[in-house]
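> I would like the atomic coordinates for the input below:
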Amino acid sequence: MAALAWLLIPLVAAVCAGLWGSWANRTRKARGDGPELDGYARFREAMERKSSSRT
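Purely as a prediction, here's the structure:
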């Protein structure tokens, strides 16, 4: 019986990890990549301005 209890611990942990992963990922689909792409565009513009001012 003790061996069965030790086998249940990883099983319960795996189920909990799967539930947490699906819960944590639920908002990414709705948000999309908009904020990250906007930040990257601002970064590129800043780098282009910086390199053009040197020459």
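> so how far is the lengthiest helix in the chain off the chain centroid?
Determined from DSSP state H, the single longest helix within the chain is helix 2-24. Distance, stretch centre to chain centre, for helix 2-24: 21 Å (Cα atoms, centre = their mean, to the nearest Å).
> now do stretch 41-55
28 Å.
> Going forward, the N-terminal residue is numbered 41.
Okay, using 41 as the starting number, the last item reads as stretch 81-95.
> what mean pLDDT would you report for it?
Confidence over stretch 81-95 (mean pLDDT, whole number) is 81.
> before we move on, what about stretch 41-54?
On average, stretch 41-54 scores 93.
> Centre of the chain to that stretch, how far?
On Cα atoms, centre = their mean, the centre of stretch 41-54 falls 29 Å from that of its chain.
> Now do the buried residues in it.
Buried positions in stretch 41-54, judged by neighbour count with 16 or more other Cβ atoms under 10 Å: none. No exception for glycine: its C-beta is placed from N, CA and C like everyone else's.
> rewinding a little: run through who's touching the longest helix of the chain.
Applying Cβ atoms under 8 Å, 6 or more residues apart in numbering, helix 42-64 turns out to have no external contacts.
> Return that helix as CSV; C-alpha atoms alone will do.
C-alpha atoms of helix 42-64 as CSV (Å, rounded to 0.1, in the frame of the first residue of the first chain):
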residue,chain,number,x,y,z
ALA,A,42,2.9,2.4,0.7
ALA,A,43,4.3,1.8,-2.8
LEU,A,44,0.9,2.8,-4.2
ALA,A,45,0.9,6.0,-2.2
TRP,A,46,4.4,6.9,-3.6
LEU,A,47,3.2,6.3,-7.1
LEU,A,48,0.1,8.5,-6.6
ILE,A,49,2.3,11.5,-5.6
PRO,A,50,3.8,12.1,-9.1
LEU,A,51,0.5,11.3,-10.7
VAL,A,52,-1.3,14.0,-8.7
ALA,A,53,1.6,16.4,-9.3
ALA,A,54,1.3,15.8,-13.1
VAL,A,55,-2.4,16.4,-13.1
CYS,A,56,-2.0,19.6,-11.1
ALA,A,57,0.8,20.8,-13.4
GLY,A,58,-1.4,20.2,-16.4
LEU,A,59,-4.4,22.1,-14.9
TRP,A,60,-2.1,25.0,-13.9
GLY,A,61,-0.6,25.1,-17.3
SER,A,62,-3.9,25.3,-19.1
TRP,A,63,-5.1,27.9,-16.6
ALA,A,64,-2.0,30.0,-17.0
